[in-house]
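Student: no sequence on hand, only this structure:
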Ligand SMILES: O=P(O)(O)O[C@@H]1C[C@H](O)[C@@H](CO)O1
């Protein structure tokens, strides 16, 4: 399952060294933009940007709404690196490739990872356009044995058996709530459990019912592997889901979802998400790794 996809420490290091030779920026924060949320990267000041296709060892992005650029720059005076587009297993990438950038970020000196995604909702109290602060995740592929940490453990990154309890940093979640309150956004901000499925098909009614019973508030096709790898190498993690669609749970429900409608909703709400992430970064203490 892992031999031909195994990536060596030297491979991650080569990509990190190449990036360090191409930019003066030394980011402590990395941001991964979900479907239609690439606008986040556009606000970085003094940008150095690289197409994924020009970065040695980097996978290529194939999904509409994922531009495929790595952008370095300053956000509120803090140095960040932003992925305008991520990798998904349904594109045919191995989980090592899906999570390749996270380990490269670690080698660049990144301490905090901010993940964003587009997701459908199952929770009864949610609405399209809401923002969900991720409290925890259910990693369905991971539970089924599809885990980016499969294979020989690289002790230089982290331990063989990492804990995933408290993976989504509580201080940062509290900080985000305070920011939302101050920005008058509380009425459309939720906190909940993100469930990762493999995709690319959206859920059947029976699957939606199952995931709802398991405790999932929102469902998407990414994020959990990136978070597993980030926690393995001791990064602080914060996650946001933009709620783009309802997931039907009854046979009489005619609501249907497609990627175009997901992109339309995330593009409509991208500015709000961008404001929240900007304020979060603004209030983050990057030196001692705590929220101010
Ligand atoms: O990269 P994310 O998780 O934001 O993308 C979501 C999940 C699928 O890739 C796609 C479905 O529309 O959007």
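Tutor: Thanks, I have it. The shown structure was predicted, so the numbers you read here are calculated from the model rather than taken from an experiment.

Student: which residues of this protein lie near the ligand?
Tutor: Taking Cβ under 6 Å from any ligand atom as the contact definition, the chain meets the ligand at 34-35, 63, 86, 88, 117-118, 199, 220-222, 259, 262. Quick note: C-beta positions are derived from backbone N, CA and C, even for glycine.

Student: which of those has the weakest pLDDT?
Tutor: In terms of pLDDT, the lowest of these is residue 63, showing 82.

Student: so what does that one have for phi and psi?
Tutor: Per-residue torsions, residue 63: phi -100, psi 140 (degrees, to the nearest 10).

Student: how many neighbouring residues does it have?
Tutor: 18 (other Cβ atoms under 10 Å).

Student: what about the closest residue to residue 220 other than its chain neighbours, how many residues nearby?
Tutor: Nearest residue to residue 220, sequence neighbours excluded (Cβ to Cβ, 6 or more residues apart in numbering): residue 119, at 3.8 Å. Residue 119 is flanked by 33 other residues according to other Cβ under 10 Å.

Student: next secondary structure after the host helix or strand of residue 119?
Tutor: Element membership of residue 119 [criterion: DSSP states H and E] is strand 112-121. The element immediately downstream of strand 112-121 (helix or strand, assigned by DSSP H and E) is strand 131-139.

Student: hey, where'd the helices end up in the stretch 1-150 of the chain?
Tutor: In the stretch 1-150 of the chain, the helices defined using DSSP state H, counting those that start in this stretch lie at 9-22, 39-42, 95-98, 100-108, 140-143.

Student: which residues outside the helix or strand following the last one are in contact with it?
Tutor: The one in question is helix 140-143. Next along the chain after helix 140-143, taking DSSP H and E as the criterion, comes helix 170-182. With contact meaning Cβ atoms under 8 Å, 6 or more residues apart in numbering, helix 170-182 is reached by 112, 131, 133, 135, 186, 189, 191, 236, 238, 240, 276, 279-280, 283-284, 290-292.

Student: try it again at 6 Å.
Tutor: The contact list for helix 170-182 (Cβ atoms under 6 Å, 6 or more residues apart in numbering) reads 133, 186, 189, 238, 279-280, 283, 291.

Student: buried sites along that helix?
Tutor: 172-173, 175-176, 179-180 (16 or more other Cβ atoms under 10 Å).

Student: tell me where the model's unsure across the stretch 151-292 of the chain.
Tutor: Within the stretch 151-292 of the chain, the stretches with pLDDT under 70 are 287-292.

Student: before we move on, back to that, double-check the residue nearest to residue 220 against residue 222; I have them as touching.
Tutor: No. Using Cβ atoms under 6 Å, residue 119 is not in contact with residue 222, being 9.0 Å away.

Student: ok, back up a step: who's in contact with the residue nearest to residue 220?
Tutor: Residue 119 sits next to 218-220, 241 when contact means Cβ under 6 Å, 6+ apart.

Student: of these, which is the nearest to the ligand?
Tutor: residue 220 (4.4 Å; Cβ to the nearest ligand atom).

Student: can you report how many residues lie near that closest one?
Tutor: Burial measure for residue 220: 25 neighbouring residues, criterion other Cβ under 10 Å.

Student: for the remainder of this discussion, apply numbering that starts at 533.
Tutor: That works, and once the first residue is 533, the last one we named lands at residue 752.

Student: gap between residue 735 and the ligand?
Tutor: 11 Å (Cβ to the nearest ligand atom, to the nearest Å).

Student: tell me the contacts of the closest residue to that residue other than its chain neighbours?
Tutor: Nearest non-adjacent residue to residue 735, counting by Cβ to Cβ, 6+ apart: residue 779, 5.7 Å away. Residue 779 is in contact with 652, 654, 735, 740, counting by Cβ under 6 Å, 6+ apart.

Student: and the third one, how far from residue 789?
Tutor: When distances are taken as Cβ to Cβ, to the nearest Å, residue 735 and residue 789 turn out to be 9 Å apart.

Student: the more surrounded of the two?
Tutor: Neighbours per residue (other Cβ under 10 Å) separate residue 735 from residue 789, with residue 735 holding more: 22 against 16.

Student: pretty sure the more buried one sits in a strand.
Tutor: No. Under DSSP: H, G, I helix; E, B strand; the rest coil, residue 735 falls outside any strand and is assigned coil.

Student: quick check on it: phi, psi?
Tutor: Here is the backbone geometry of residue 735 (degrees, to the nearest 10): phi -70, psi 140.
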